[in-house]
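Chemist: Attaching a predicted model along with its sequence, questions to come.
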Amino acid sequence: MKAKYLMCYVFTVLLILSSCVTRNTNLKQNASAKYVHPRELKLPELNFNVPKPERTELDNGMIVYLFEDHQLPVVSIYAVIKSGMIYEPSEKAGLAALTCEVLRSGGTKKIKARELDEKLEFNAINCETGARMDRIVASLTTRTENIDEAIGLFADILRNPAFEEARIELAKQKAIERFIRENDEPYDLVTREFEKIVYRQHPYSRRLEGYPETIKKITRDDILDFYTTYFHPDNIIIGIAGDFKKEDILAKINKYFGDWQKCPIDFPKVNMAEYILNRHISYIPKDLQQASFFIGHIGVDRLNPDYFSIQVMNFILGEDFISRLNENVRTKAGLAYAVGSYWNYYKFGGDFVAYCSTKTESCFDAVSRILDEFKRIRDE
């Protein structure tokens, strides 16, 4: 009797297994029929129309770009001032960055610093200012319902900064502390050394935020001089995007910026960064288990006609997670915690960097593999 039931059980299992095999075979056949190698895929043509903002110029020379987008009740404003680190004196390195730090944090002639902080926070207005190598930027994001007050505060910050002394001293202290902390960060140290070597005597060789000895020399008068030299409406481009009507937003821009007087600016002469072909190896000894290194050279400026070709090439080489550097140095060889490459594009030059963070004993192997990828993308 038991044998009879056992036979039935075995037969049932065989039937079930047989049906599973048949089903799996059918699934594989269907999958094979549907599978197409990525190189053989036929994709529809991508139609992408680049949005065209509307350009207008105020009577005082300020250029404004407008792009209406009513998907969300939000408006974003981005201002670019032609200035930046390259126009500060080398003995006052960090002046542009410090000016921009206190431009936002140091209050205005109408509103004390703490009150300004509270107004922005209460109205959910995000406002930031910052220096770059060859420009200064200021940005603001706000809800549509607060747009009038937001633009008013934005204009007050740009036009009437108070540069409160206490906020200047606080900003200087924070800048010096950031420099000291960088000495414990291998990546930051390598960045600093690399720019110094690659750009030599060019202003781009300097650290954007300056150095303790130069930051300490900066006075409020230095900040005022830098501000009054470069902050004029005919030296500013503003872009506005979001939920607004053109006529309304232009009326508000004219209301808060229209009476700002233009002023000619005598920009210091800055030469293009010189490309010098030579090999230089620099070591920064640190008692660490991890090594970080850069391999690179002078690159191109941001108006170079090969800009987009370079971007595509670098996407393949090291910018993306599936790039060759990441695939071959990190994934396959297991040599890197982080690896990749990027290009910096500035007005008067630029640089190319391949970077890697690895174990100390793996450093030279990682260097060799990165150089192999350079040769491969150059020759293939």
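Modeler: All right, it came through fine.
Chemist: Show the end-to-end separation of stretch 129-142, please.
Modeler: This stretch, stretch 129-142, spans 15 Å end to end (Cα to Cα, to the nearest Å).
Chemist: Please disregard the earlier target; I meant stretch 36-46.
Modeler: 20 Å.
Chemist: Just list the residues touching residue 373, thanks.
Modeler: The contact partners of residue 373, by Cβ atoms under 8 Å, 6 or more residues apart in numbering, come to 317-318, 324-325, 328-329. Glycine gets a C-beta too; all of them are placed from N, C-alpha and C.
Chemist: Residue ranges of each domain in this structure, please.
Modeler: 54-257, 290-379 (automatic domain parsing).
Chemist: any idea of the mean pLDDT in the first one?
Modeler: Domain 54-257 carries an average pLDDT of 97.
Chemist: Off-centre distance for that domain?
Modeler: Relative to the centre of its chain, domain 54-257 is centred 15 Å away, using Cα atoms, centre = their mean, to the nearest Å.
Chemist: which of the contacts of residue 373 lies closest to residue 336?
Modeler: residue 329 (5.1 Å; Cβ to Cβ).
Chemist: Would you indicate which residues of whichever strand or helix holds residue 363 are buried?
Modeler: For residue 363, the host element (DSSP states H and E) is helix 363-379. Across helix 363-379, burial judged by 16 or more other Cβ atoms under 10 Å covers 363, 366-367, 369-370, 373-374, 377.
Chemist: tell me the least confident of the residues you listed?
Modeler: Looking at the buried residues of helix 363-379 by pLDDT, the weakest one is residue 363, with 92.
Chemist: who are the neighbours in contact with it?
Modeler: Contact criterion Cβ under 8 Å, 6+ apart gives 291, 293 as the residues in contact with residue 363.
Chemist: Near residue 161, how many other residues are there?
Modeler: Neighbour count for residue 161, taken as other Cβ atoms under 10 Å: 22.
Chemist: Likewise for the one 4 residues further on?
Modeler: Residues contacting residue 165 under the criterion other Cβ under 10 Å number 12.
Chemist: repeat for residue 110
Modeler: 12.
Chemist: just residue 253 next, same as before
Modeler: Residue 253 has 21 nearby residues by other Cβ under 10 Å.
Chemist: Surely it touches residue 64?
Modeler: Yes: using Cβ atoms under 8 Å as the test, residue 253 is close enough to residue 64 to be in contact (6.0 Å).
Chemist: Just the helices from the stretch 1-150 of the chain, written as ranges.
Modeler: According to DSSP state H, counting those that start in this stretch, the stretch 1-150 of the chain carries its helices in the segments 2-34, 95-105, 113-122, 147-159.
Chemist: Residue 258: how many residues sit nearby?
Modeler: Burial of residue 258 is recorded as 15 neighbouring residues (other Cβ under 10 Å).
Chemist: Quick check: it vs residue 57, distance?
Modeler: Plainly put, residue 258 is 12 Å away from residue 57 if you go by Cβ to Cβ, to the nearest Å.
Chemist: Same check on residue 194?
Modeler: 40 Å.
Chemist: Settle it for me: which of the two has more neighbours?
Modeler: Neighbour totals were compared for residue 194 and residue 57, and residue 194 leads with 20 against 11 (other Cβ under 10 Å).
Chemist: Which phi and psi values does that one adopt?
Modeler: phi -60, psi -50 (degrees, to the nearest 10).
Chemist: Quick check: closest non-adjacent residue to it.
Modeler: residue 294 (4.5 Å; Cβ to Cβ, 6 or more residues apart in numbering).
Chemist: Which pLDDT does the model give that neighbour?
Modeler: At residue 294, pLDDT is 97.
Chemist: again with residue 41
Modeler: 81.
Chemist: For it, grab the count of nearby residues.
Modeler: Residue 41 has 7 nearby residues by other Cβ under 10 Å.
Chemist: on that earlier part again, helix/strand/coil for the residue nearest to residue 194?
Modeler: Per DSSP: H, G, I helix; E, B strand; the rest coil, the local secondary structure of residue 294 is strand.
Chemist: That one reaches residue 189, doesn't it?
Modeler: No: the pair residue 294 / residue 189 is not scored as a contact, 10.4 Å apart, by Cβ under 8 Å.
Chemist: Neighbour count: the two, which is higher?
Modeler: Each of residue 294 and residue 189 has its neighbours counted (other Cβ under 10 Å); residue 294 has more, 20 against 15.
Chemist: do you know how far the more buried one is from residue 354?
Modeler: Taking Cβ to Cβ, one finds residue 294 at 7 Å from residue 354.
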